[in-house]
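S.K.: need a 3D model of the sequence below.
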Amino acid sequence: TTTASFIAVMAAGMTAIIVLAGIDISIGSIYGLAAMLGAMALSRLDQGASVWSAVPLALVVCMCVGGACGFANGALSVGLRVHPFIITLGTMAIFRGVVFVISKGQTASGLPDALQTGFFKLNYSGVYPVPTVIMLLTALAGMFVLSRTVFGRRVFAIGGNETAARYAGIPVGQVKIIVYTLAGMLAGLSAAMYIGYFGA
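M.R.: I've put the predicted structure just below:
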């Protein structure tokens, strides 16, 4: 479940995009970009930095980067009225290229020890449960939002018939942008889990 958790967290956001009748093939590149920028930010901290400074920094940087990338995908798709497959195909290459340029193809390491041992790789009876717990909480939150909220119903309505949803008064463009932004933020959360677990 630890190995699956990094992908499963992103899958929660991708589920909403697919229900919306969209697609995002740049999600892996968003994951990589968020992880690289998060690791670069963390490497500026002292090796002995506390868990209270390292973990919030990782989460904020990674999720903000992921959210910004997701917002760009949604806004470009809605604003230009281009199918998201085409938009995300382009942004996939852009994000992946940015990762390579800023990292020069090198690993970002030297992160605070507390990031691993203090939280993401916390040892409990010989196992590391934190990634699995985050995965389960994310899945439950995703199930609740899609099945029990007005926003979730709007996502299903747009995916079923976008024209009918627009005539029903649903702000289709706004919902699409929010869904892509949330999916990007979940990719950022997964990136924070990854660098926190592996320390690079």
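
S.K.: select the helix or strand of this protein having the lowest average pLDDT value.
M.R.: helix 113-115 (a mean of 88; mean pLDDT, DSSP states H and E).

S.K.: mind listing what's buried in the helix or strand residue 90 falls within?
M.R.: According to DSSP states H and E, residue 90 maps onto helix 84-103. Going by neighbour count (16 or more other CB atoms under 10 Å), the buried part of helix 84-103 is 84, 87, 88, 91, 92, 95, 96, 98, 99, 103. All C-beta spots, glycine's among them, are computed from the backbone N, C-alpha and C.

S.K.: same check on stretch 173-186?
M.R.: Buried, per 16+ other CB under 10 Å, within stretch 173-186: 173, 175-186.

S.K.: stretch 101-113 now?
M.R.: Buried-residue list, stretch 101-113, by 16+ other CB under 10 Å: 103, 108, 111, 112.

S.K.: sorry, back to before: max pairwise distance over the buried residues of stretch 173-186: which two?
M.R.: Spatially, the most separated pair among the buried residues of stretch 173-186 is 173 and 186, at 20.8 Å (CB to CB).

S.K.: can you map out the strands along this protein?
M.R.: For the chain, strands defined by DSSP state E do not occur.

S.K.: tell me what angle the helix ranked longest in it forms with helix 84-103.
M.R.: Taking DSSP state H as the criterion, the chain has its longest helix at helix 51-80. If you take axes from the mean of the first three to the mean of the last three CA atoms, to 10 degrees, helix 51-80 sits at 140 degrees to helix 84-103.

S.K.: are there helices or strands packed against helix 51-80, and which ones?
M.R.: helix 27-42, helix 84-103, helix 113-115, helix 172-198 (3 or more CB pairs under 8 Å, 6 or more residues apart in numbering; DSSP states H and E).

S.K.: residue most distant from the centroid, this protein?
M.R.: Most distant from the centre of the chain: residue 167, at 31.2 Å, with distances by CA atoms, centre = their mean.

S.K.: next, the contact list for the closest residue to residue 175 other than its chain neighbours, please.
M.R.: Once flanking residues are discounted, residue 175 sits nearest to residue 154: 5.1 Å by CB to CB, 6 or more residues apart in numbering. Each residue near residue 154 by CB atoms under 8 Å, 6 or more residues apart in numbering is listed here: 165, 170, 175.

S.K.: middle-most residue in this protein, spatially?
M.R.: residue 187 (1.6 Å).

S.K.: quick one: it and residue 13 touch, right?
M.R.: Yes - assessed by CB atoms under 8 Å, residue 187 is found in contact with residue 13 at 6.8 Å.

S.K.: now do the shared contacts for these two.
M.R.: Contacts common to residue 187 and residue 13, judged by CB under 8 Å, 6+ apart, are 27, 70.

S.K.: thinking again about what came up before, which one of the buried residues of stretch 173-186 is nearest to residue 140?
M.R.: Closest approach between the buried residues of stretch 173-186 and residue 140, by CB to CB: residue 186, at 13.4 Å.
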